[in-house]
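Enquirer: sharing a sequence plus its predicted fold:
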Amino acid sequence: MRFEDIPQGRLYAELAWLMPVITPPQDYAGEAACWRAVLREGRVGAGAEVLELGVGGGHNLSHLAAEFRATGVDLSASMLDLCRALNPGVELHRGDMRSVRLGRRFAAVLLHDAASYLTTEDDLARTLETAAAHLAPGGVFIAAPDHFAETFRGPALETSRHSQGDLRVQYVEYAHDPDPEDTSIEVLMTFIVTKGRETRVELDRHVLGLFSRADWARLFARAGFRMETRAFPLAGLDRPYELLVGTLGAPGETPGEAPGETPGEAPSPSTSRAAP
Ligand SMILES: C[S@@+](CC[C@H](N)C(=O)[O-])C[C@H]1O[C@@H](n2cnc3c(N)ncnc32)[C@H](O)[C@@H]1O
């Protein structure tokens, strides 16, 4: 079977039920603590309105939803159903983060690992415009791409095991960069699912974006953001956990890049999720 014959995006459609098994919400506690720290530094107080683009099942958001009034947007109806079940108080909209306009502004806009689904510079630029269009004056935009061009080393193989009740899932992920000249990589996901005596194999393929830090900074600036990088140590991760933090320039000020590695304190000693 050729890679291109493997169907794409099944994890956010008919395989969405696997998400809480392979990435349980509790695994996001450490990451969410980093997001909370950046929100507090940006003076986003308890009760403030926050918007997450590409909210998925709302696993990261589930650790923030009690503190903030949250709204989420996602392309996938199946993922929105999962998010609704986990986060009953969160307002949800089906939409494309590259073009959605909710017609109101938020104290913070969050773009967690859905950032990885922006595969071209145009996709990325349009999503940053969406973030800017939804941010109130003085607000904070936070993005967390899974990979940067400088740090991705492919082909990379990762495996993990998960269980929930009588369900066992062995997950194998193969990430590679078929064309180093473009801004995307390809990830093959294999799920070996055992329930009772039956074992099935499910395959899925995802095309993810791969941009350099300089590309991110340039596109942040084009959308009107000053960008700063906050790096946190996170248990279970072999590299710092990096959040790109954007603030809109004051009226009349030329937005620019203010890159800097600001090593953060580990907000809580928690493990990071394994996959995907
Ligand atoms: C890895 S999941 C997000 C998981 C989420 N961060 C969490 O904590 O549960 C990625 C999500 O991005 C969504 N997505 C991908 N492209 C999108 C787009 N253009 N607009 C909106 N959502 C998108 C997918 O439907 C999927 O739900």
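Expert: Cool, the structure landed. Numbering: from 1, shown residues only.

Enquirer: and the residue of the chain found nearest the ligand, how many neighbours?
Expert: Nearest residue of the chain to the ligand (Cβ to the nearest ligand atom) works out as residue 56 at 2.5 Å. Backbone N, C-alpha and C define where each C-beta goes, glycine included. Residue 56: 24 surrounding residues under other Cβ atoms under 10 Å.

Enquirer: wait, isn't it in contact with residue 114?
Expert: Yes. Counting by Cβ atoms under 8 Å, residue 114 is a contact partner of residue 56 at 6.4 Å.

Enquirer: tell me, what's touching the two both at once?
Expert: Listed as contacting both residue 56 and residue 114 by Cβ atoms under 8 Å, 6 or more residues apart in numbering are residue 74.

Enquirer: helices of the stretch 151-276 of the chain, residue ranges please.
Expert: 213-222 (DSSP state H, counting those that start in this stretch).

Enquirer: and it, which residues reach the ligand?
Expert: Within the stretch 151-276 of the chain, no position is near the ligand by Cβ under 6 Å from any ligand atom.

Enquirer: show me where the stretch 151-276 of the chain has strands.
Expert: For the stretch 151-276 of the chain, the strands defined by DSSP state E, counting those that start in this stretch cover 156-164, 167-176, 184-195, 198-209, 225-232, 241-248, 257-263.

Enquirer: could you dump those strands to a markdown table with mean pLDDT?
Expert: Below are the strands of the stretch 151-276 of the chain laid out as a markdown table (pLDDT from 0 to 100):
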| stretch | mean pLDDT |
| --- | --- |
| strand 156-164 | 97 |
| strand 167-176 | 98 |
| strand 184-195 | 98 |
| strand 198-209 | 98 |
| strand 225-232 | 97 |
| strand 241-248 | 97 |
| strand 257-263 | 39 |
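
Enquirer: out of those strands, which comes closest to residue 24?
Expert: strand 156-164 (7.8 Å; Cβ to Cβ).

Enquirer: hmm, back to that, mind putting the strands of the stretch 151-276 of the chain into TSV with mean neighbour count?
Expert: Formatted as TSV, these follow (neighbours: other Cβ atoms under 10 Å):
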stretch	mean neighbour count
strand 156-164	13
strand 167-176	17
strand 184-195	18
strand 198-209	16
strand 225-232	21
strand 241-248	22
strand 257-263	13
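
Enquirer: out of those, which comes closest to residue 121?
Expert: Of the strands of the stretch 151-276 of the chain, nearest to residue 121 by Cβ to Cβ is strand 198-209, at 9.0 Å.
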